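Trainee: Please find the sequence and the predicted model below.
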Amino acid sequence: MIDLKDLRANPDKYRLGAKNKAMPADIDGLLAVDAAVRGAQTQLQELTAEKNRLSKDIGPPMGLLKKADGAQKAELEAKLAALKARPLEIASQEPELEESIRQLEAGRLALWLKIPQPADAQALFGPLPVGSDAEGNQEIRRVGTPAFDPGKSFAQNKGFTPKTHLELIENLGLADFQRGVKMAGSRSYVLTGLGQRLHNAVLQFAFNRMCDRHGFQAMSVPVLVREELMTGTGFFPAGREQAYCIEESKREDGGRDLFLTGTGEVGLMGFHQDEILEEETLPRRYTTVSTCFRREAGAAGRDTAGLYRIHQFDKVEQIVICRADEMESRDWHQKMLGFVEELLAALELPYRLLQCCTGDLGVKNADMVDVECWMPGRGDLGKDGRPQGAWGETHSASRLYDFQTRRLNLRYRAKLENGKTEVRFCHSLNNTVLASPRILIPLLEIHQNADGSVTVPPALRPYLGGLEVIGRKS
RNA sequence: GGAGAGGUGGCUGAGUGGCCGAAAGCGCCCGUUUGCUAAACGGGUAUACGGCUAAAACCGUAUCGGGGGUUCGAAUCCCCCCCUCUCCGCCA
């Protein structure tokens, strides 16, 4: 949610911001409704103030009336009636004004929630490119591993033609798609045997790393949450179509609808909703591993095979809540991305960094950097009828200023230089640490061997009972 | 599921119709004094929105779990909802 005061002062900033993000935003409509809301509020407040003022004079004669009798009583009653006349008149006018304010405010909120956070001009890696969609994203750098140079083909790197993760999974018995679909419909799967163990291993590895090396607090989160939290974290209203809804309100005993979260970010950020944190307790660094649910609406037909685009997966997520300091916030963005780069190096996966353009940022981000891993079994088919390999998104690091905390009403008490304190909205950031099973795609494809086996990166072996190779009898 | 109790400021806790945005204590901040790793004393210490401002000060409105009602006026009376706790039952 953007700052309305700032919108009033700098409407053009938000007009341009929405235009660059290619999002509809009715700035003029919002400003008009906002002016109407404030006008009506002022009118009501002035009336109420008058009523309150006059009401103070009624108390004393009311006290006298209780003791009075006869002519004195009649006199007091007449006096009180006169005193009450104007307050009564005002009280009769208030409900109508209140109702119109309610309606105006509802209209204002609906428009308000749709105004996107303008993208920063200066992003993590230089100027933030303006573009309408992911096509406009800019590659920052490619990072290989000692064993794999992403500048060369898989065959050049390893001397044989790679299998796709689907082929590897089938040969090695790591997942069962047919039965997954039987039970839960398209885009469903069951990890089996070492597939599930590898999945658990890589999640645990990533989670432990965030806690042990980077000082993040381990958390569990609810994945079934109320609508306010989906709105508060910025996923609604725009992303409503992407979330599964549990329609408890439709039951006979009429509960409240709940939504399955698409990321642990929702629960981690919601933890401090409506709180005022003490400045010395910041930054808050939280990590969780949670199951994520996504409808993938609008993705019909895309990435239908394999583990790439699925309705349910698990993700280790990191979030940071820090002071409202742009430099500190930018610094965390860099650090959080660094944690991922270290992790991918440990997993020996080649990746590249993408500076996302305005059109790819989503409603809440001021800056976003994606990480893509090289997936040899992905992409267009070559002359030999085999996939040529492609980059596939595995991580996304976002910086949000106070857009999210404003909606969550998440603030902190800032100590000012003059000794006073001021309550401010925190800044928030989030980044994937690791999402699986998607990460299994590059993990299997990159580390596959010519004989169809897959070497387990040494970092993961402790989580697999020391297993070094999947699919080769030792 | 049954029975009962309760939700007041950062915390504890008073307050049953106007003098209550709210006593008192604790905590925190500032100052004074005595001095030594602290005590005493004095003062200050919620949030949001709106108005007026260059910005403050200031003024107004709202907020005592949430919503509605009664009233000229509600922390206080009435109704509905939410949440917490205790005991019993049931179950992981």
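Mentor: Great, that's in hand.
Trainee: State the mean pLDDT of the top helix by length along chain A.
Mentor: Secondary structure of chain A read by DSSP state H shows that its longest helix is helix A:70-112. Here the mean pLDDT over helix A:70-112 is 86, rounded to a whole number.
Trainee: same thing with stretch A:51-61?
Mentor: Averaged over stretch A:51-61, pLDDT sits at 85.
Trainee: and that stretch, which residues are buried?
Mentor: A:51, A:54 (16 or more other CB atoms under 10 Å). All C-beta atoms are positioned from the backbone trio N, CA, C, and that covers glycine.
Trainee: quick one: the helices in the stretch 1-150 of chain A?
Mentor: A:4-9, A:11-20, A:27-55, A:59-67, A:70-112 (DSSP state H, counting those that start in this stretch).
Trainee: okay, those in CSV with distance to RNA strand B next?
Mentor: Formatted as CSV, the entries for the helices of the stretch 1-150 of chain A read as follows, by distance: least, CB to the nearest atom of the strand, whole Å:
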stretch, distance to RNA strand B
helix A:4-9, 6
helix A:11-20, 15
helix A:27-55, 3
helix A:59-67, 3
helix A:70-112, 3
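Trainee: just the ones you listed: most buried one?
Mentor: helix A:11-20 (a mean of 17; mean count of other CB atoms under 10 Å).
Trainee: What are the contacting residues of stretch A:73-85?
Mentor: Stretch A:73-85 is touched from outside by A:54, A:57, A:58, A:61, A:62, A:64, A:65, A:68, with contacts defined as CB atoms under 8 Å, 6 or more residues apart in numbering.
Trainee: quick one: which of the residues you listed is nearest residue A:346?
Mentor: When those are compared for distance to residue A:346 (CB to CB), residue A:54 wins out at 73.2 Å.
Trainee: for that closest one, what are its contacts?
Mentor: Shown here is residue A:54, whose contacts under the criterion CB under 8 Å, 6+ apart are A:83, A:86, A:87.
Trainee: Helix A:27-55 and the longest helix of chain A, what's the angle between them?
Mentor: Between the axes of helix A:70-112 and helix A:27-55, defined by axes from the mean of the first three to the mean of the last three CA atoms, to 10 degrees, the angle is 170 degrees.
Trainee: what's the angle from helix A:70-112 to helix A:59-67?
Mentor: Between the direction of helix A:70-112 and that of helix A:59-67, the angle (the same axes, to 10 degrees) works out to 140 degrees.
Trainee: what's the pLDDT at residue A:185?
Mentor: Here, the pLDDT recorded for residue A:185 equals 89.
Trainee: Can you tell me the closest non-neighbouring residue to it?
Mentor: Counting by CB to CB, 6 or more residues apart in numbering, the nearest residue to residue A:185 once its immediate chain neighbours are dropped is residue A:311, at 8.0 Å.
Trainee: Can you report how many residues neighbour the one you found?
Mentor: 19 (other CB atoms under 10 Å).
Trainee: Does it touch residue A:181 like I think?
Mentor: No: taking CB atoms under 8 Å as the definition, residue A:311 is not a contact partner of residue A:181, at 10.9 Å.
Trainee: which residues are in contact with both of those two?
Mentor: In contact with both residue A:311 and residue A:181: residue A:188, using CB under 8 Å, 6+ apart.
Trainee: what comes into contact with the helix or strand bottoming out on mean pLDDT in chain A?
Mentor: Considering only helices and strands, the least confidently modelled element of chain A by mean pLDDT, DSSP states H and E is helix A:59-67, at a mean of 76. Identification of contacts with helix A:59-67 by CB under 8 Å, 6+ apart yields A:73, A:76, A:77, A:79, A:80, A:83.
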